[in-house]
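Asks: one predicted model, sequence on top.
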Amino acid sequence: MSVEERVREQMELISSGTVEVIPEGEMRRKVARSLETGRPLVVKLGVDPTRPDLHIGHSVPLTKLRHFQQLGHQVVLIIGDFTALIGDPSMQDATRPVLTEEEVEKNARTYIEQAERVIDTKCARVVRNSQWLSPLDFKDVLEIASRFTVARILERDDFSRRYREGKPVGLHEFLYPVMQAYDSVVIEADIEIGGTDQKFNLLAGRNLQRSMGKEPQCIIILPLLEGTNGVRKMSKSLENDVGLTDPAGEMFGKLMSIPDDIIWDYFRLVTRVGSAAIEQLKGRVENGEVNPRDAKERLAVEVVGIYHGPKEAEEAADEFRRVFSMGELPGRIPPVEVPRSRFRAAGIWVVDLVVSLGLASSNGEARRLIAGGGIAIEGEKVEDADLELTPEQVDGKVVRKGKKTFVRVELV
RNA sequence: GGGGGAGUGCCCGAGUGGUUAAAGGGGGCGGACUGUAAAUCCGUUGGCGUAGCCUACGCAGGUUCAAAUCCUGCCUCCCCCA
């Protein structure tokens, strides 16, 4: 295979699923040079350990890193333990709360652990940016900062918007892109990967490298994965995320609940299914040959398979069909202990039972749930909120809240 | 340093003396319809064994029969001028 063909082949994988590759021609030249000299490209992904758990949205850039690994390039995962102390202001409405060093360290560890599920950390470099950012003194910082202008930084629309709207912008926040850019200088990145919200920061790296006499990096912009409700990007705080460590069944269920029109983005961004196969499936759904539900099931099986293995994925699919398509009870229903002391002469009050089982956080909520027909014991809807039940009527029985929550009563 | 404005329930936001557990919207939760989809519709969304009571409108006091609403002090945030 000629170098030219191999370049084309690499470029195809590199640019699949991306929003933008900037600048494309330069990227091509870097790839070609790498092939000619045998020197792998240095591919950078910076992550902020601001939160302990990752979701499949975070796996999007990691998956792209994995592509580069497949092509034999050197990937560098930068844990922004230093930058996390400031918090990336990108797309934020307000200054982020400052984390303590302990929190950052703890998050960093779980981050690496979870990243291992997607990339091969054995041949990746994992580094912390405190390593080089910490030792800088004020003079160094000024020297680096002088290479940026305020006008330039204000181009970033989240800054200018907040400024315009009279919301505070901390001076230290201006330094965030500067630090991220400096990371690129230090590790001599050839390529940096990031989401659309990172475009400014990625470009800053390119500019700083040039200004400091290094070869500027190319940048790859990836789309942000939408949350399971189809609105806003995926985020734990918006409760529309699929956690990388979610149990298989839960992960499956969450994926089955996404709106139809984002199925294809999920396929492209978080599965390993090739784009030809995705297009084919999409076509069959569009002409009515395949029910979108089944396409979604395929998606769920694929994704759960990545994190839990194919066997568990199939089991989750079976379980799902049993419980939700056929209305049967789940195979495993978590038992919840209820102390016998809750019983009085007349028995236990349903409202109390529901609260004791953790299905409601107050009597009032339990009452409302019952009034709304959301509680069933052994498949039978509870109609009366004043109902009293004997120990025999509840021990070992299945209490269901809504359609998704099942618990088994265990008297102790 | 000077002047001005704002703090209401999970969030946004109305309310300027009683009929206000506080309009409306969002979100959440439940129900119907389904493919645990979306859209739509309905109900619900402080606590208490609940026709009653308690707690709640930044915090602390005060006026009043009665305060989210009026007064005083404090805290926090924002804007404008310097």
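Replies: Perfect, I can see it now.
Asks: each with direction, which strands does the strand or helix carrying A:L45 pair with?
Replies: A:L45 is located in strand A:42-47, with elements delineated by DSSP states H and E. Here strand A:42-47 is paired, per DSSP bridges, with strand A:74-79 (parallel), strand A:191-195 (parallel).
Asks: export those to a markdown table and tack on mean neighbour count and mean pLDDT?
Replies: Glycine gets a C-beta too; all of them are placed from N, C-alpha and C. Formatted as a markdown table, those follow (neighbours: other Cβ atoms under 10 Å; pLDDT from 0 to 100):
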| stretch | mean neighbour count | mean pLDDT |
| --- | --- | --- |
| strand A:74-79 | 23 | 92 |
| strand A:191-195 | 25 | 91 |
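Asks: among those strands, which comes closest to RNA strand B?
Replies: strand A:191-195 (22.8 Å; Cβ to the nearest atom of the strand).
Asks: just after the closest one, pick out the following helix or strand.
Replies: helix A:199-211.
Asks: report how many residues lie close to A:R321.
Replies: 12 (other Cβ atoms under 10 Å).
Asks: can you read off the pLDDT for it?
Replies: We note a pLDDT of 92 for A:R321 in this prediction.
Asks: next one: the one 4 residues further on
Replies: Model confidence at A:S325, given as pLDDT, is 85.
Asks: pull the contacting residues for it.
Replies: By Cβ atoms under 8 Å, 6 or more residues apart in numbering, the contact list for A:S325 is empty.
Asks: likewise A:K106?
Replies: Taking Cβ under 8 Å, 6+ apart as the test, what A:K106 contacts is A:P52.
Asks: for it, identify the helix or strand it belongs to.
Replies: Applying DSSP H and E as the criterion places A:K106 in helix A:101-115.
Asks: can you list the residues of the stretch 301-412 of chain A near RNA strand B?
Replies: Among all residues of the stretch 301-412 of chain A, those adjacent to RNA strand B (criterion: Cβ under 7 Å from any atom of the strand) are A:320, A:324-325, A:344, A:346, A:349, A:351-352, A:355, A:361-365, A:367-369, A:371-374, A:386, A:388, A:401-405.
Asks: from the residues you listed, which land in helices?
Replies: Secondary structure from DSSP state H places A:320, A:351-352, A:355, A:363-365, A:367-369, A:371 of those in helices.
Asks: give me the buried entries from these.
Replies: A:320, A:351-352, A:355, A:367, A:369 (16 or more other Cβ atoms under 10 Å).
Asks: which members of these are the farthest-apart pair?
Replies: A:F320 and A:D352 (32.3 Å; Cβ to Cβ).
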